[in-house]
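Q: this is the structure alone, sequence omitted:
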DNA sequence: TCTGGGGTCCTAGGACCC
DNA sequence: TCTGGGGTCCTAGGACCC
C-alpha cells in the first residue's frame, strides 16, 4: 500500500473565509490565544511579510495598513470544519489516519499507484470534493512512504502547475528527481537543530540526506534520522495508524492577559486548569497517577532573572476525581509559589494513565489521600450537567474561566451554535 | 503594553538489582 | 595497594511535530 497526505492550505484562515466570501482574495491572519502570535496566514498575508508565529503587536500596524483581515482563534469552528473534512475523506476510503486538525493520511492501493495518471486523478477528485462541499482548499501528496507524501505536498505547494496534487511513483530515479528540489529542512522530522548539524556536513537537500549511509547515520545521529533516510528512499518504515491512540498525557496551560503576583489570584486559575484537565481525562476514559503544576514568569522579560516553578504529586491510587486533582494542585502550588515574581503563565500536566502496569505500591508512611464515596457517579453527573453549558462549578474555581483572555476579534460559531448561524439575505 | 497550546518519541544517565 | 560485570527501570530533558 502507498499513501496520500491531505493537507489544508492555511487551515484556520481558510475556515474563516468559508463564511466571509468577501475575504477570498484578501489577506487573512488568525491569532493565538490572547491574540498573542500569528498562527495562520493566507497566501496574501504571507506576501505582506507576516511570518509564522510572530508576535501580533510587531506586525499589526504594517498589516492593517494593507486592509488585512484579522481574527482571534475560534477553535469551535475549526474543530467542526475539520470533522467535516475527515468525514468527506471517509467516503473515499476506510484506510484513514487523522494526523492533526488539518491533515490526514489515507492508504492508496498499489494498483492505483502503478498508473501515475490514475493516482493524480484520484487526488484531484478528493481535492475537488473538499473544495466544493466544504470550501476548503487542500493539497495532496501521493507517494510510497509517508515521508515522501510530505515531499510531494511540498512540490505541489510550490509549483502551481500541479494544481494541488503531486504523485511520486515508486521509482528510485524519479524519487531522486523530486528530492533534489527540496531543501533538507523541509523534510518531515528535520527541525532547527538537525538542520544546523546537517548543514556542517554539506547536507542541504533531501537528496543529499537520502544518499547518506543508513548504518552510519544511526551511529552518529539516531534511529529517528535513520528511519527518515530509509523513508526518503522509498522504504516504508511508518505505517498508517488508523486507530485513535489513547492519550498518554494531558496538558492544560495558558498565558495570562495580565501578570499575576499573588497566590490568592493564582490558585483559582490553576484550579480551573485542573477542572478542565480532569474533564478531558474522564472523556478519554482514563485515570491518572501523576499531576504536575508549573508556573513561570515571562520568557521575554529581560528585567529580572525570571523563575520557573514545577513539581509533581503522585497518587497512591490512580484517580479521575477532580477533587483529588484540586487537593494535589493546591499543595504543589503552595510549594512552588514564590512571592515577588510576576507570573505570566501556568499550567497543569496529568501523567501516568491507568493501566494495571502503572499500579503504584502505596507508600507506608505517606498520608493516605481521602477516598471519596460514589466518586464515579458524582463525576459522571457533573460531566453530564456541564456537557452543553457550564452550569456547575467548584467553589475554588476561577469564575471567569481560566484567566480573562484577550479575544477581541473572534468570529461567530457559525456551525456549532444555533444562535450564531449565518443568515442568508 | 502586547510574544500560543498541546502533544510524541528517543536518549543518556542515575538508581538499583544480583 | 588492590574494588566487577551485567542487567533493568525510571526520569529529565532534548528534539520534533502541527
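A: Alright, I've got the coordinates. Not measured: the values here are computed from a predicted model.

Q: who in chain A is up against DNA strand B?
A: When proximity is defined as CB under 7 Å from any atom of the strand, chain A approaches DNA strand B at A:32-34, A:36-37, A:39, A:53, A:55, A:57, A:222-224, A:245, A:247-255, A:259, A:280, A:298, A:300, A:344-345, A:347. C-beta here means a position set from N, CA and C on the backbone, and glycine is covered the same way.

Q: now do the buried residues in the helix or strand where residue A:98 lies.
A: In the assignment (DSSP states H and E), residue A:98 maps to strand A:96-100. The neighbour-count check on strand A:96-100 (16 or more other CB atoms under 10 Å) flags A:96, A:97, A:98 as buried.

Q: need the residues you listed in TSV with pLDDT, can you?
A: Listed next are these as TSV, based on pLDDT from 0 to 100:
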residue	pLDDT
A:96	98
A:97	97
A:98	97
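
Q: just the residues you listed that are near DNA strand C?
A: Of those, not one also sits near DNA strand C (CB under 7 Å from any atom of the strand).

Q: find the nearest non-adjacent residue to residue A:172, please.
A: Closest residue in space to residue A:172, ignoring its immediate chain neighbours: residue A:234 at 6.6 Å, by CB to CB, 6 or more residues apart in numbering.

Q: so which strand or helix has the one you found?
A: Under the criterion DSSP H and E, no helix or strand holds residue A:234.

Q: how close does it sit to residue A:190?
A: Residue A:234 sits 18 Å away from residue A:190, going by CB to CB, to the nearest Å.

Q: which residues touch whichever residue of the stretch 251-400 of chain A sits closest to DNA strand C?
A: Residue of the stretch 251-400 of chain A nearest DNA strand C, by CB to the nearest atom of the strand: residue A:312 (6.4 Å). By CB atoms under 8 Å, 6 or more residues apart in numbering, the residues touching residue A:312 are A:290, A:291, A:292, A:332, A:351.

Q: who does residue A:140 form a beta bridge with?
A: Beta-bridge pairing for residue A:140 (DSSP bridges): residue A:6, residue A:165.

Q: which residues touch it?
A: Contacts of residue A:140 by CB under 8 Å, 6+ apart are A:4, A:5, A:6, A:7, A:123, A:126, A:127, A:153, A:156, A:164, A:165, A:166.

Q: which of those has the most neighbours?
A: residue A:4 (30 neighbours; other CB atoms under 10 Å).

Q: next one: the helix or strand harbouring that residue to chain centre, how far?
A: Using DSSP H and E, residue A:4 sits within strand A:2-8. Distance of strand A:2-8 from the chain centroid (CA atoms, centre = their mean, to the nearest Å) equals 17 Å.

Q: that strand packs against which elements?
A: On a contact count with 3 or more CB pairs under 8 Å, 6 or more residues apart in numbering; DSSP states H and E, strand A:2-8 meets helix A:75-92, strand A:103-108, helix A:110-113, helix A:116-134, strand A:138-143, helix A:146-158.

Q: give me the contacts around it.
A: The contact list for strand A:2-8 (CB under 8 Å, 6+ apart) reads A:14, A:85, A:89, A:102-110, A:112-113, A:122-123, A:126, A:130, A:136-146, A:148-150, A:152-153, A:170, A:236, A:240.

Q: and what of stretch A:246-258?
A: For stretch A:246-258, using CB under 8 Å, 6+ apart, the contacting residues are A:33-34, A:36, A:269, A:273-274, A:276-277, A:280-281, A:284, A:286, A:288, A:294, A:343-351, A:353, A:402-406.

Q: swap in stretch A:146-163?
A: A:3-5, A:7, A:105, A:124, A:139-143, A:164-168, A:175, A:178-179, A:181-182, A:186-189, A:206, A:228, A:231-232, A:234, A:236, A:238.

Q: before we move on, back to that, I'd assumed residue A:170 was in contact with the residue nearest to residue A:172.
A: Yes. Between residue A:234 and residue A:170 there is a contact under CB atoms under 8 Å: 5.8 Å.

Q: next one: the lowest-mean-pLDDT helix or strand in chain A to chain centre, how far?
A: Lowest on mean pLDDT, DSSP states H and E among the helices and strands of chain A sits helix A:214-220, with a mean of 83. Computed by CA atoms, centre = their mean, the chain-centroid distance of helix A:214-220 equals 31 Å.

Q: and for stretch A:308-323?
A: 24 Å.

Q: any buried residues in it, and which?
A: In terms of neighbour count (16+ other CB under 10 Å), stretch A:308-323 has its buried residues at A:309, A:313, A:315, A:316, A:318, A:319, A:320, A:321, A:322, A:323.

Q: and stretch A:110-126, by the same measure?
A: Neighbour-count burial for stretch A:110-126 [16+ other CB under 10 Å]: A:112, A:113, A:119, A:120, A:122, A:123, A:126.
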